[in-house]
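J.: sequence below, structure please.
(2 chains)
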Protein chains: 2
Amino acid sequence: MARVPAKADFPLEQVRRYLEPGPVVLLTSSWQGEQDVMTMGWHLVMEFTPALIGCVIARGNHSRELIERSGECAINLPTRELADTVARIGNSSGTEIDKFQAFGLTTEPGEKVAAPLIRECHAQFECKVHDRRLVKDYDFFVLEVVRARAAKTPRDPRTLHYQGEGRFMVAGDSISRRRLFDQGKL
Amino acid sequence: MARVPAKADFPLEQVRRYLEPGPVVLLTSSWQGEQDVMTMGWHLVMEFTPALIGCVIARGNHSRELIERSGECAINLPTRELADTVARIGNSSGTEIDKFQAFGLTTEPGEKVAAPLIRECHAQFECKVHDRRLVKDYDFFVLEVVRARAAKTPRDPRTLHYQGEGRFMVAGDSISRRRLFDQGKL
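T.: Reported below is the predicted structural model:
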């Protein structure tokens, strides 16, 4: 079973620290007692305050229906030790199995949304659907993060970055170029 | 001076291979003889065919004006050896200096757009603005990639993934979980 890191809340305007590098995430949702989890690789940061995340949630995903109905979801950040689980979740359907149980994921309740949070993940972001204007044409949702939690260590989680063809780039070491930055542009 | 990798065109539906992992990119643009380059970390893949990329291009960037006027741009993919240049471009303004010259970047012409391509980058994506509906509220542009080129080696470029605070995660090694994937979901 995967490690379960102790987490603490952190300021919403710092969500970019985890999502801007582009990791694949596990998107959880819940509606009237039913819950689901899906993998998601198509997302971006859109604003610091409010903390906005844009993402593509394709039609046909069971999660898509739960998110459209509830107007809520949670973004969970998996790391390298969950690579098998991430691949398996992306290749199964929530209408057929309970993916949390099937893949040994522990859920815990959120504070601001009904969607379950995944304990084994490094960070968790509770979200409300903020704008649906591009849903019809592109399956594109704008989400507002309303609560953010992350493990305090390690500082730089070994996140997974999907490249297609079943391959994931694993986050390598970080380098600082802080000396080249204007204070206001950090 | 940075290495200049030999590049070849590749199918547009494979653009995700380079952009889905979430690297910081250099966005180039041109309008009536003027050209600019900016760093961009807020982007996502939105569709395979047409090859759509969504991105946030903030107001106040000189590039933003050139892109709005021309309806075109190019996404260039820098790697680790360009880390200093990426940081410097993100902390200077195209209204004050010619960033290509100031930072020693070599440009070459595109085939489908007037925006210059950066030779020192691993890959280059020529883009047309496809949808401006969310520009007013979120500075969010939907781009269509109309030509894609990449260096054939290395297979997995050491891209830069911005974490805020002047820090970049450098792409680590790739792992395959292909055996866990359904053929249709690769």
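
J.: for chain A, which residue gets nearest to chain B?
T.: Here chain A gets closest to chain B at one residue, residue A:22, 1.0 Å apart by Cβ to the nearest Cβ. For every residue, glycine as well, the C-beta is placed using N, CA and C.

J.: distance of that residue from residue A:62?
T.: 25 Å (Cβ to Cβ, to the nearest Å).

J.: same deal with residue A:84?
T.: From residue A:84 over to residue A:62 (counting by Cβ to Cβ), the distance is 21 Å.

J.: which one's more surrounded, the two?
T.: Between residue A:84 and residue A:62, counted using other Cβ atoms under 10 Å in any protein chain shown, the more crowded position is residue A:62 (18 against 12).

J.: report pLDDT for the closest residue to residue A:159 other than its chain neighbours.
T.: Leaving aside its sequence neighbours, residue A:159 sits nearest to residue A:23 (Cβ to Cβ, 6 or more residues apart in numbering or on different chains; 3.6 Å). On the pLDDT scale, residue A:23 is placed at 98.

J.: SS state for residue A:23?
T.: coil (DSSP: H, G, I helix; E, B strand; the rest coil).

J.: and it, what is it in contact with?
T.: Residues near residue A:23 by Cβ atoms under 8 Å, 6 or more residues apart in numbering or on different chains: A:77, A:78, A:159, A:160, A:161, A:171, B:22.

J.: let's have the residues you listed in a markdown table, adding neighbour count and secondary structure.
T.: Listed next are the contacts of residue A:23 as a markdown table, based on neighbours: other Cβ atoms under 10 Å in any protein chain shown; DSSP: H, G, I helix; E, B strand; the rest coil:
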| residue | neighbour count | secondary structure |
| --- | --- | --- |
| A:77 | 22 | strand |
| A:78 | 26 | coil |
| A:159 | 28 | strand |
| A:160 | 27 | strand |
| A:161 | 24 | strand |
| A:171 | 25 | strand |
| B:22 | 31 | coil |
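
J.: and the two most separated of those residues?
T.: Using Cβ to Cβ, the pair of these lying farthest apart is A:78 and B:22, separated by 14.5 Å.

J.: measure the residue nearest to residue A:159 to residue A:126 for me?
T.: Per Cβ to Cβ, residue A:23 is found 17 Å from residue A:126.

J.: and if you look at residue A:160?
T.: Note on residue A:160: its distance to residue A:126, by Cβ to Cβ, is 21 Å.

J.: just residue A:90 next, same as before
T.: Distance from residue A:90 to residue A:126, by Cβ to Cβ: 22 Å.

J.: stretch A:97-112: end-to-end distance?
T.: 26 Å (Cα to Cα, to the nearest Å).

J.: does any part of that stretch sit near chain B?
T.: No. Judged by Cβ under 8 Å from any Cβ of the partner chain, stretch A:97-112 makes no contact with chain B; its nearest approach is 11.1 Å.

J.: quick check: bridge partners of the residue nearest the centre of chain A?
T.: With distances taken as Cα atoms, centre = their mean, residue A:75 lies nearest the centre of chain A, 2.7 Å away. Beta-bridge partners for residue A:75, by DSSP bridges, are residue A:27, residue A:125.

J.: relative to residue B:73, how far out is it?
T.: For residue A:75, the distance to residue B:73 equals 28 Å [Cβ to Cβ].

J.: scan chain A for its longest strand.
T.: Ranked by number of residues, the top strand in chain A under DSSP state E is strand A:140-151.

J.: what comes into contact with the helix or strand bottoming out on mean pLDDT in chain A?
T.: None of the helices or strands of chain A scores lower by mean pLDDT, DSSP states H and E than helix A:99-102, at a mean of 93. With contact meaning Cβ under 8 Å, 6+ apart, helix A:99-102 is reached by A:35, A:36, A:37, A:88, A:89, A:92, A:105, A:106, A:107, A:116, A:118.

J.: what's the offset of that helix from the middle of its chain?
T.: 17 Å (Cα atoms, centre = their mean, to the nearest Å).
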